[in-house]
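*Asks:* Provided below are the primary sequence and the corresponding predicted coordinates.
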Amino acid sequence: MPSFHEVRFPLDISMHGRGGPERRTDIVVTGSGREQRNARWSDSRRRYDAGYGVKSLAAIGAVVAFFEERRGKLYGFRWRDRADYKSCAADCNPAPTDQFLGVGNGVNTRFPLRKSYGMHFAPYTRDIVKPVNGSLRMAVNGVEHLAGRDFDLDETTGIVTFRAGHVPTPGASVTAGFLFDVPVRFDTDYLEIDLAAFDAGDIPKIPLIEIRP
C-alpha cells in the first residue's frame, strides 16, 4: 500500500473514538410509491472521529505529533476500531477456526485473511489487510498450524503463505483467527485545537477515513 506508515494511532485516544461502516445506496421512488434500491459500493468504508478521546494537553501533544509526522492526509496509518478488531465476538479470544479462508487444492500456497459478517441472507466478506503482529492462529481441517514453521504472514497485506510441505491438500478447509487494525488516513489537513481551559484542552474533530485496498 503506497504512502502508508505501519504505525498505530495512540490506543488510549482511539479507544474513545467514534465511527463505523458507511455504504452508498441509491433509492429511486416510483410514482406508485415503490422503491428501487441499488448499491453504489460493493464494499463498505469506515469513518471515524478520534476527537472524543482528546481531553488533556498530553493527548493534544500526542495527536499533533502524530498528525505532523503523517503530513495530514498524505500518509496512511493503523487504527484500532474498538467495536470491531477481532475475528471472533468481542468478548472472546481468537481461535484458529474463527474465519473460513478457502479450500486447498494442493497447489495454492497463498490465502488472504478475511472476515465474514452475517450468515443467512446476504453474508458480507471483508478483506483484512492489517493483522496484528503475533495474533494469527491458523488451522487446516481443524488442525492448528504454527507461524514460522508451517506458514508465514505478511502483516502489511494480510496474506498468509504456507511453506513447502504444509500446503493445504485438495478439499482441505483453511481457517484463521486474528486481531486486526483498519488502514486509515486523516480526512483533514487542519486540526482545530481548543485550549480554552488552563490545564486541559481538546480537538473537537479528528476525522479519519478508511483506505480500501
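*Replies:* Noted; the coordinates are in hand.

*Asks:* Please make it C-alpha for all contacts and neighbour counts, starting now.
*Replies:* OK.

*Asks:* Contacts only, for the spatially most central residue of the chain.
*Replies:* Centroid-nearest residue in the chain, with C-alpha atoms, centre = their mean: Val182, separated by 2.7 Å. By C-alpha atoms under 8 Å, 6 or more residues apart in numbering, the contact set of Val182 is Arg78, Trp79, Arg80, Asp81, Val129, Lys130, Glu210.

*Asks:* Not counting its neighbours along the chain, what's nearest the first one?
*Replies:* Translated: Arg78. Arg8 (4.3 Å; C-alpha to C-alpha, 6 or more residues apart in numbering).

*Asks:* where are the low-confidence patches of the chain?
*Replies:* The model of the chain has pLDDT under 70 over residues 1-2, 196-201.

*Asks:* Outline the domain layout of it.
*Replies:* 1-84+182-213, 86-180 (automatic domain parsing).

*Asks:* How about the secondary structure of the closest residue in space to Lys205 that isn't next to it in sequence?
*Replies:* What sits nearest to Lys205 in space, not counting adjacent residues and going by C-alpha to C-alpha, 6+ apart, is Gly51, at 4.7 Å. Classification of Gly51 by DSSP: H, G, I helix; E, B strand; the rest coil places it in helix.

*Asks:* now Gly61
*Replies:* Applying three-state DSSP: Gly61 is helix.

*Asks:* Can you give me the distance of it to Pro168?
*Replies:* Distance, Gly61 to Pro168, by C-alpha to C-alpha, to the nearest Å: 49 Å.

*Asks:* Also Val174?
*Replies:* Distance from Val174 to Pro168, by C-alpha to C-alpha: 7 Å.

*Asks:* and what of Gly76?
*Replies:* Taking C-alpha to C-alpha, one finds Gly76 at 34 Å from Pro168.

*Asks:* do the same with Val140
*Replies:* 7 Å.

*Asks:* any shared contact partners between those two?
*Replies:* Val174.

*Asks:* so who does Gly31 touch?
*Replies:* Neighbours of Gly31 in contact, by C-alpha under 8 Å, 6+ apart: none.

*Asks:* Which residues are in contact with each of Val174 and Pro168?
*Replies:* With C-alpha under 8 Å, 6+ apart as the test, Val174 and Pro168 both reach Val103, Gly104, Val140.

*Asks:* So which of those belong to strands?
*Replies:* Val103, Val140 (DSSP state E).

*Asks:* of the shared contacts of Val174 and Pro168, closest to Pro21?
*Replies:* Taking C-alpha to C-alpha as the measure, Pro21 sits nearest to Val103 out of these, at 28.6 Å.

*Asks:* count of neighbours near the spatially closest residue to the closest one that is not a sequence neighbour?
*Replies:* Nearest residue to Val103 in three dimensions, chain neighbours excluded: Ser173, at 4.8 Å (C-alpha to C-alpha, 6+ apart). Per other C-alpha atoms under 10 Å, the neighbour tally for Ser173 reads 19.

*Asks:* can you check Gly61 too?
*Replies:* Gly61 has 12 nearby residues by other C-alpha under 10 Å.

*Asks:* and if you look at the one 4 residues further on?
*Replies:* When neighbours are counted by other C-alpha under 10 Å, Ala65 registers 12.
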